[in-house]
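[1] Sharing a sequence plus its predicted fold:
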Amino acid sequence: MPVPLPPVAFTHSFGRFNNLDDEINDKYEIEYLHKDIPQNHYMIFVQPAKYGLPIRKEHIDRTLKLKDGSNAIYSTKFARGINLLAFEKDGFQYVLSVNKRISDKVTSEILMEITNSIK
């Protein structure tokens, strides 16, 4: 999991691991939020890549190159109110999402730095 956090304040963090009977719904989620500043909201989802989010071409703003040579996609169009960066590593899909209202502080470059911290 990435250690760095976006450069905004958070007061709470939550984690949840779903390990249900089938692999389809297995997922690890981490959520960071600020109790008084609702736009300070950041989430990480990790799930088996074969069951990951299906991100269509029209939702992709940019394809970015990670330091390990693999690709990540950045989307501001996948869901209303969030920007996300998604990539695959070791058979898992990682999705980092941030509230659009803080996209001036948490840019795609910041999300790439966080992503590149994963070993």
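    That came through, no problem.
[2] what residues are up against the nearest residue to residue 6 once chain neighbours are set aside?
    Nearest residue to residue 6, sequence neighbours excluded (CB to CB, 6 or more residues apart in numbering): residue 106, at 4.2 Å. (Glycine included, C-beta is placed from N, CA and C.) Applying CB atoms under 8 Å, 6 or more residues apart in numbering, we find residue 106 in contact with 6-8, 42, 83, 98.
[3] Only the buried subset of those, as a PyMOL command please.
    To isolate the buried members of the contacts of residue 106 in PyMOL, using 16 or more other CB atoms under 10 Å:
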select buried, resi 6+8+42+83+98
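[4] quick one: the most centrally placed residue in the chain from residue 115, how far?
    Nearest to the mean C-alpha position of the chain, by CA atoms, centre = their mean, lies residue 96 at 0.8 Å. Per CB to CB, to the nearest Å, residue 96 is found 7 Å from residue 115.
[5] Now list whatever residues contact both of these two.
    Jointly contacting residue 96 and residue 115 under the rule CB under 8 Å, 6+ apart are 2, 85.
[6] Once you drop chain neighbours, what's closest to the residue nearest to the centre of the chain?
    Spatial nearest neighbour of residue 96, chain neighbours left out: residue 85 (4.8 Å); criterion: CB to CB, 6+ apart.
[7] do residue 35 as well
    Using CB to CB, 6+ apart, the closest residue to residue 35 is residue 11 (4.8 Å).
[8] mind listing what the one you found touches?
    Here residue 11 is in contact with 33-36 (CB under 8 Å, 6+ apart).
[9] What are the buried residues along stretch 29-37?
    30-33.
[10] Nice, that's everything, thank you.
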